[in-house]
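K.L.:
Next comes the sequence, and after it the predicted model I'd like to discuss.
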Amino acid sequence: SPHFNTSPLRRYLMGLLKLGKLLDWNGSQPYIGKIKSDGISQFLEIYNATKDRKGDVLKWGDEVEYQVIHLDRDLKSARLSLRAPEMLEELQLKEHSVPEGSTVEVLWRPEYANWMIEGTPGVPYRCYVVDLELVEYNMGLRRREIEKLLKPNELVLSIPSFPRLGCGVHTSPEVAPFGPIARSLYISDAVINPHPRFATLTRNIRMRRGSKVDIRVPLFIDDRTATNIHVVPEDFESLRTLSMSEESATESSTGDTIEDTAYHQPDALKGVCVDDVYMDAMAFGMGACCLQVTLQARDVRESRILYDQLAVLAPIFLALSAATPILKGYLVDTDVRWNTIAASVDDRTPEERAGLIAKSRYDSISCYLSPEEEMDPFLYNDIPVEVNEDAYERLISAGIDDRLAKHVAHLFIRDPLTIFEGQTDLDNTTTTDHFENIQSTNWNTVRLKPPPFKSDIGWRVEFRSMDIQLTDFENAAFAILVVLTSRIILAYRLNLYIPMSKVDSNMATAHERDAVREQKFFFRRNIFHDATIQPPDSFLCSCGRIHHPEYNWDFDFACNQNSEPNAFELMSLDEIFNGKEFYTDSERDPGFAFPGLIPLVKAYLYAIKVEGFTLKKITRYLDFVSARASGELVTLAAWMRMYVSSHEKYEKDSVVSEEICADLIEILHDIEKGNQACPELFGSFYPCNGAPEVCKHSVERILTADVPEESALLHGQSMSHSAMHRAFESIVAHQKK
């Protein structure tokens, strides 16, 4: 439907964030079975209500997460500012004060830690190509709105993890570790967002698993790296006495005293050493920032296709966006945040971790679910998939196909972690709260999102793997590439399937140091729907037109038509994104040809007649990503590693001291502002003569019906251009009422 109002828009990219009294783990036990049973009932209700829904148009949005940092340049000290909740309250004033049915430029949402703020566009972007021009502008606007609220010596950065999180005094104000929620030796409970959901998640994960979370990341070994790191820091006792006020939190939300033995007392760990970077709290993972993109599909079938194909690409984009080489004050031997978060919310019991459940509830997906014939479950779903048997039988009995039933039943092997007192008996025909309770705490690389009840929001897919990038330019480039890649998946009917075990292998490879330049990833040779490598010379768009791509490779693209149809090979990111030539001379191994994702995107843009300024701007983003994939430009992780290694105070011991951290934060901020050139990261793509222009009226531009009739539409919508134009005219008319 072209008509929508403020309420569903504001739910568009939101998670389950409700105010209310939450039950502790013991208090939750009587209700877990009911929540899970009713969650399946709610899924069946919403599926049956929307399974025949057709013709939703592409709408999409991004989520960008920011850190607020206090930097004292004179003292060479950088700390995380814990003012995000008070800043968020002010940022949301405009949203809460506008009349019902109105829109705002930006939606602001709380995140796990008190240094984090999440921003999304005020309304979803449309299927017009010209809307891609607005992405960087809107991201810039979000950053500037936060900056208006900063105090002296504060700054905002979009990096995944603060380098010295968990090291001594690392927050402003100073707060004590080892509170009753996380029982962390390094991080205070005072960093957890005051929304009750976050503290309850933290404590219930620990109580369910029977111990604190156990995060281990391999240490980067330099010339003088010590490999006997004390678990209990030397300054623990002095830090612990900063404040004892948190002990009052030992009372649960129901007023009962919690019997808590799911941790070790610090005295029992004194003298214990490890040879990796050990972390013990949810904040180490959920306090990390990321970039996510949500796409609305035409219908449930298309959403399932996108889910599968994007799942294959999730490790690839994770490696290309690598930005996390430092954790807890050490250079680590990995470049991305993902496994740190996975371990930070791993609520599995010892028996489950021993083999009953293979993955954390924050991990890569475990099974494909598309109903298309090219998805051979015996070939591609090649790893065991644990399912909730009762849920699976109910879903099959209700007529859900096997692949979707396994997907949902796999989600429901998890227990609900947050249950609101007095909100267990709900009308399963009008709400999906219990389903979302389970769904929203399965944090996978991609997420299939059913529509809310009685909403104009359709079936969506959320792409969740990427590390956040330093600049709005980079984040816009990656978000736009995800959107355009989803369009060529549909336009060319791409078949990216490889066995799920190889997707998991790619996730492991994505964590390796400098994986972009040093590693190869399993990827399918023949990616077109007829199992050939030859790109199509035309495609039929859902707008009813036949489009003709024009391909322009930097090499003579000749295909080896004799390869196995379902073959996959190890490819570099350069080959995956930019293509690979089929050599015909006798001096080189001919191997195989591959068209490359970016040449396919460019051919697609030509086919739908994108021209002028719009094409120039999009091409700039694509060429930037192409240069990074080729290794010509480095990832932020590689650049940060080089910066630390060359710092005059670095002692080749893998330690990122407070002074090095402060200098790193300062130069990152200068680079983001455009005041410091960084050709290793950006070449000539990102301006160094001041920050990019900020568009203050992106929402008005999104809502305007004044779009030229010849404006290109992104494939995937179900209406012709004229019908689409009339639809958005009605949106504007509705907004003006």
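P.N.:
Thanks, I have it. Since the model is a prediction, treat every value here as computed from it, not as a measurement. Residues are numbered from 1 along each chain as shown.

K.L.:
Just the CA trace of the helix or strand containing E436, in PDB.
P.N.:
Take DSSP states H and E as the rule and E436 turns out to sit in helix 433-439. Below are the C-alpha coordinates for helix 433-439, written out as PDB (Å, rounded to 0.1, in the frame of the first residue of the first chain):
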ATOM      1  CA  ASP A 433       5.500  -9.900  20.600                       C
ATOM      2  CA  HIS A 434       6.400 -13.400  21.700                       C
ATOM      3  CA  PHE A 435       7.600 -14.400  18.200                       C
ATOM      4  CA  GLU A 436       9.800 -11.200  18.100                       C
ATOM      5  CA  ASN A 437      11.100 -12.000  21.600                       C
ATOM      6  CA  ILE A 438      12.800 -15.000  20.100                       C
ATOM      7  CA  GLN A 439      13.400 -13.600  16.600                       C
END
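
K.L.:
helices and strands around the following helix or strand past that helix, which ones?
P.N.:
Sequence order places strand 443-444 as the next helix or strand after helix 433-439, per DSSP H and E. In terms of contacts (3 or more Cβ pairs under 8 Å, 6 or more residues apart in numbering; DSSP states H and E), strand 443-444 is packed against strand 362-363. Placement of C-beta: from N, CA and C, glycine included.

K.L.:
Just checking the distance from the helix or strand that the strand it packs on is followed by to the centre of its chain.
P.N.:
In the C-terminal direction, the helix or strand that comes right after strand 362-363 (DSSP H and E) is helix 377-380. Centroid separation between helix 377-380 and its chain, computed with Cα atoms, centre = their mean, to the nearest Å, is 27 Å.

K.L.:
And helix 377-380, what's buried?
P.N.:
In terms of neighbour count (16 or more other Cβ atoms under 10 Å), helix 377-380 has its buried residues at Y380.

K.L.:
Contacts for the helix or strand just after that helix, please.
P.N.:
Using DSSP H and E, the next helix or strand after helix 377-380 towards the C-terminus is helix 389-397. Outside helix 389-397, the residues that touch it by Cβ atoms under 8 Å, 6 or more residues apart in numbering are 36-37, 40, 43-44, 402, 404-406, 408-409, 412.

K.L.:
Name the residues that touch whichever helix or strand comes after helix 389-397?
P.N.:
Toward the C-terminus, helix 389-397 is succeeded by helix 402-411 as the next helix or strand (DSSP H and E). If you take Cβ under 8 Å, 6+ apart as the criterion, helix 402-411 is touched by 40, 43, 304, 366-371, 375, 377, 385-389, 391-392, 395-396, 400, 438-439, 442, 448.

K.L.:
rerun that using 6 Å as the cut-off
P.N.:
43, 366-367, 369, 385, 387-388, 391-392, 395-396, 438, 442 (Cβ atoms under 6 Å, 6 or more residues apart in numbering).

K.L.:
hey, C-alpha coordinates of that helix in CSV?
P.N.:
Extracted C-alpha coordinates of helix 402-411, given in CSV (Å, rounded to 0.1, in the frame of the first residue of the first chain):
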residue,chain,number,x,y,z
ASP,A,402,10.0,-27.8,5.2
ARG,A,403,12.7,-25.2,4.5
LEU,A,404,10.9,-22.3,6.2
ALA,A,405,9.7,-24.6,9.0
LYS,A,406,13.3,-25.6,9.8
HIS,A,407,14.4,-22.0,9.7
VAL,A,408,11.7,-20.9,12.3
ALA,A,409,12.1,-24.1,14.4
HIS,A,410,15.9,-23.4,14.5
LEU,A,411,15.2,-19.9,15.9
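
K.L.:
Flag every buried residue along it.
P.N.:
Neighbour-count burial for helix 402-411 flags 403-411 (criterion: 16+ other Cβ under 10 Å).

K.L.:
thinking again about what came up before, show me which of the contacts of helix 389-397 is closest to S344.
P.N.:
F412 (22.1 Å; Cβ to Cβ).

K.L.:
just checking, the closest one touches N388?
P.N.:
Yes: in this structure, F412 is within contact of N388 by Cβ atoms under 6 Å, at 4.0 Å.

K.L.:
the more surrounded of these two?
P.N.:
More crowded of F412 and N388, by other Cβ atoms under 10 Å: F412, with 26 against 20.

K.L.:
Pipe the buried residues of helix 402-411 into CSV and attach distance to C290 and pLDDT per row.
P.N.:
CSV is the format used below for these (distance: Cβ to Cβ, whole Å; pLDDT from 0 to 100):
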residue, distance to C290, pLDDT
R403, 28, 98
L404, 27, 98
A405, 30, 98
K406, 27, 98
H407, 23, 98
V408, 25, 98
A409, 27, 98
H410, 23, 98
L411, 21, 98
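
K.L.:
Let me know the closest of those to W115.
P.N.:
For the buried residues of helix 402-411, the nearest to W115 is L411 (30.2 Å; Cβ to Cβ).

K.L.:
got a pLDDT number for the residue nearest the centre of the chain?
P.N.:
By Cα atoms, centre = their mean, the chain has its centre lying nearest to R464, at 2.8 Å. With respect to pLDDT, R464 scores 98.

K.L.:
so where's the longest strand in this protein?
P.N.:
Taking DSSP state E as the criterion, the chain has its longest strand at strand 60-72.

K.L.:
which residues sit in contact with L269?
P.N.:
231-232.

K.L.:
at 10 Å instead, please
P.N.:
By Cβ atoms under 10 Å, 6 or more residues apart in numbering, the residues touching L269 are 185, 230-232, 236, 280.

K.L.:
Which single one of these is nearest to E651?
P.N.:
For the contacts of L269, the closest approach to E651 (Cβ to Cβ) belongs to H230, at 18.2 Å.

K.L.:
ok, P266 - how many residues close by?
P.N.:
When neighbours are defined as other Cβ under 10 Å, P266 has 17 of them.

K.L.:
and stretch 605-619, how far from the chain's centre?
P.N.:
27 Å.
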